[in-house]
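Chemist: When you get a sec, could you give me coordinates for this:
(chains A and B)
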Amino acid sequence: MSTDPSPFTPSARQHAWRKLVSGAMAGLMFICAVVVMAPIFMVLYFLIREGASALDWNFLTQLPKPSGELGGGMANAIVGTFVLLAMAAAIGVPIGVMGGIYLAEYGSEWANSWIRFMADVLNGVPSIVWGMVVWGLLVVPFKTFSAYAGGVALGLMMIPLVMRTTEEVLLLVPQGYREAGLALGIARWKIITVIVVKTALKGIITGILIATARVAGETAPLLFTALGNNFWSHRLSEPISALPLQIFSYAISPYDDWHRQAWAGALVLMALILTLNVLVRILSRDRKFN
Amino acid sequence: MADLSPAKPIAARPPAGVPSAVPRNPTSATAGEMEVAFDIAGFSLWYGTNQALFGVDIRIPARAVTAIIGPSGCGKSTFLRALNRMHELTPGTRIAGSLRLFGEDLYAASIDPVVVRRRVGMVFQKSNPFPTMSIADNVLVGLRLNGVRDRKLLRDRLEESLRMAALWDEVKDHLDRPGISLSGGQQQRLCIARALAVQPEVLLMDEPCSALDPIATAKIEELINELRASYTVIIVTHNMQQAARVSNRTAFFYLGKLVEYDQTRTIFMNPSNPQTEAYVAGRFG
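Modeler: A predicted model of the protein is given here:
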């Protein structure tokens, strides 16, 4: 019998070495994957340790106290954040969703490649730049900071996010459904709205929630637009407070009490964003189309 | 059953002198008695610069089953999709020649493709019930989205369509369940019911059984046999036994050309073209 070893059959020693290297590499990658989770727990740990003590009913229901006085809360900032997010969604959702429908259903290849490129560039525009642009666009001409300006800044940031995710989930809807609809003599726009968009609705809502969570924590676009204040805003044409703004101004203040409140504000903001992400998880749990 | 025999000549089937709602084609030369659904002459089709169909001339009879056979890539699906202008979904297609349905040019500039598809329905290879809709909604979607609101009409049409598709008895007690909860064969029959609900003049079937098991296939074939009485059915199939079983007439396509078109019995027993003979004998394709 030939004893010539095949180059493809490793010796016992080679085999042991390969198994060792393979195990070490797999272990390394596992550690890297775990490292992703560590910062999340770090964030939550610090927020709870520093902020939980200042987080009470007053914090959620009262206005900020003047400097020097203890107590007070961020009620106006919490409400302001929701107001700004509602305005942002009012701008970002319809434009983003309709743009996504255009990309997935109507656009020519040439137009689409340009629109996608622009949307991706927009996604990469630093948020402080959005703040400055909207400042020039809405604050300077009207000579006042306003909730409108803040909402527009956040809404503009949402458009490309919503648009691209809408496009992606619409493209996941099998072509067979569109053809089946057409073969029934249904007009194209009805097929798209009643059948295609409905099939992809969960995915579209997921995209909207992700975009909302993403802009909910933005501070820079609001610095020169919504500006922030320490009282209830009664008009959208006036400055409005928001959690990130209040956290920012309290965090850079010299008062310990305000520092604690900044931590508590960050905890509330984080809880809001976590809630949105959990909603996303629930919605996208069974996203399949067949 | 005798008059459903596929090999029986079409011309002998409808009793002479029965008035028809649709105009007969007086110029029909092949068979004076045969009512022609599709009258197609010199029909060619291009995908970009790639020609897929070459000058097809064919007359497809009404209220009969016509099978289209041929090897993969021979243009049979393209031809089928051209019959209700579904091929227009692919950008860059172009056609030449004439295609008339009961005398009307389906490619005339004044004709809306949406209306063409209302008259010429289609069932696809892969069953595709709408996943967000119940069984009932799937059947009725074509009517509802075309503006039918009359509840009684919708209810009647639901039962009628499901009965025609031989699905009623299996689903009548849970019409509000999702359409995609049904088995593969049931889903395909649901798609047939959905296509029938809008009462098209013609039903196109693009390999409707290729994803089904033999039992489900037998059910669909039985259904096709029953549809023959009131519908014009055109079926593309890879399965020659199926063509022989269900059709009155068979067209053999090869390399984008219509090679032979005749009574199904003639195509399978005594074809005049050697290519047809080689294909039906299983020597290629």
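Chemist: Residue 193: neighbouring residues, count only.
Modeler: Chain wasn't specified; assuming chain A. 13 (other C-beta atoms under 10 Å in any protein chain shown). C-betas here are computed from N, CA, C, even on glycine.
Chemist: Not quite, go with chain B.
Modeler: Neighbour number of residue B:193 under other C-beta under 10 Å is 29.
Chemist: Alpha carbons of the strand or helix carrying it, as PDB, please.
Modeler: Per DSSP states H and E: residue B:193 is located in helix B:184-197. Presented in PDB, the C-alpha positions along helix B:184-197 are these (Å, rounded to 0.1, in the frame of the first residue of the first chain):
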ATOM      1  CA  GLY B 184     -50.200  25.100  -1.900                       C
ATOM      2  CA  GLY B 185     -52.900  23.600  -4.100                       C
ATOM      3  CA  GLN B 186     -55.700  25.400  -2.300                       C
ATOM      4  CA  GLN B 187     -53.700  28.700  -2.700                       C
ATOM      5  CA  GLN B 188     -53.500  28.100  -6.400                       C
ATOM      6  CA  ARG B 189     -57.200  27.500  -6.600                       C
ATOM      7  CA  LEU B 190     -57.800  30.600  -4.500                       C
ATOM      8  CA  CYS B 191     -55.800  32.500  -7.100                       C
ATOM      9  CA  ILE B 192     -58.000  31.000  -9.800                       C
ATOM     10  CA  ALA B 193     -61.100  32.000  -7.900                       C
ATOM     11  CA  ARG B 194     -59.700  35.500  -7.600                       C
ATOM     12  CA  ALA B 195     -59.100  35.700 -11.300                       C
ATOM     13  CA  LEU B 196     -62.500  34.400 -12.100                       C
ATOM     14  CA  ALA B 197     -64.300  36.800  -9.700                       C
END
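Chemist: Give me the secondary structure label for the closest residue to residue B:187 other than its chain neighbours.
Modeler: Sequence neighbours aside, residue B:127 is the residue nearest to residue B:187 in space, at 3.9 Å (criterion: C-beta to C-beta, 6 or more residues apart in numbering or on different chains). On the three-state scheme (DSSP: H, G, I helix; E, B strand; the rest coil), residue B:127 is labelled coil.
Chemist: in the helix holding residue B:193, what counts as buried?
Modeler: For helix B:184-197, a neighbour-count test (16 or more other C-beta atoms under 10 Å in any protein chain shown) marks B:185-197 as buried.
Chemist: Mind giving me the packing neighbours of that helix?
Modeler: helix A:175-183, strand B:120-123, helix B:135-144, helix B:151-164, helix B:168-171, strand B:202-206, helix B:214-227 (3 or more C-beta pairs under 8 Å, 6 or more residues apart in numbering or on different chains; DSSP states H and E).
Chemist: tally of neighbours for residue 125?
Modeler: This is for chain A. Neighbours of residue A:125 under the rule other C-beta under 10 Å: 13.
Chemist: wrong one, I was asking about chain B
Modeler: 17.
Chemist: Run through the residues that contact it.
Modeler: B:206-208, B:210-211 (C-beta atoms under 8 Å, 6 or more residues apart in numbering or on different chains).
Chemist: Quick one: buried ones out of the residues you listed?
Modeler: Looks like those have B:206-208, B:211 buried, using 16+ other C-beta under 10 Å.
Chemist: Low-confidence regions, chain B specifically.
Modeler: B:1-33, B:285 (pLDDT under 70).
Chemist: List the buried residues in stretch A:71-82.
Modeler: For stretch A:71-82, burial by neighbour count (16+ other C-beta under 10 Å) applies to A:72-81.
Chemist: from those residues, which is closest to chain B?
Modeler: residue A:81 (33.5 Å; C-beta to the nearest C-beta).
Chemist: gap between the closest one and residue A:87?
Modeler: 11 Å (C-beta to C-beta, to the nearest Å).
Chemist: likewise residue B:184?
Modeler: 48 Å.
Chemist: Could you do residue B:136 as well?
Modeler: Look at residue B:136 and residue A:87: by C-beta to C-beta, they are 41 Å apart.
Chemist: And for residue B:138?
Modeler: 39 Å.
Chemist: what about the helices in the chain?
Modeler: All of this refers to chain A. Along chain A, the stretches classed as helices by DSSP state H are A:12-51, A:57-61, A:75-101, A:109-124, A:127-134, A:140-142, A:147-172, A:175-183, A:188-190, A:197-199, A:201-216, A:220-223, A:243-251, A:256-283.
Chemist: Sorry, I should have been clearer: chain B.
Modeler: Counting by DSSP H, the helices of chain B are B:76-83, B:113-119, B:135-144, B:151-164, B:168-171, B:184-197, B:214-227, B:240-246, B:264-269, B:274-280.
Chemist: Looking at these, spot the one closest to residue A:137.
Modeler: For residue A:137, the closest of the helices of chain B is helix B:113-119, at 42.6 Å, according to C-beta to C-beta.
Chemist: packing partners for that closest one?
Modeler: Against helix B:113-119 (3+ C-beta pairs under 8 Å, 6+ apart) you get helix A:175-183.
Chemist: Could you list the contact residues of chain B toward chain A?
Modeler: With the criterion set to C-beta under 8 Å from any C-beta of the partner chain, chain B comes near chain A through B:84, B:86, B:89, B:114-119, B:121-124, B:126, B:128, B:130-132, B:141-142, B:145-146, B:180, B:191, B:194-195, B:198, B:200, B:204.
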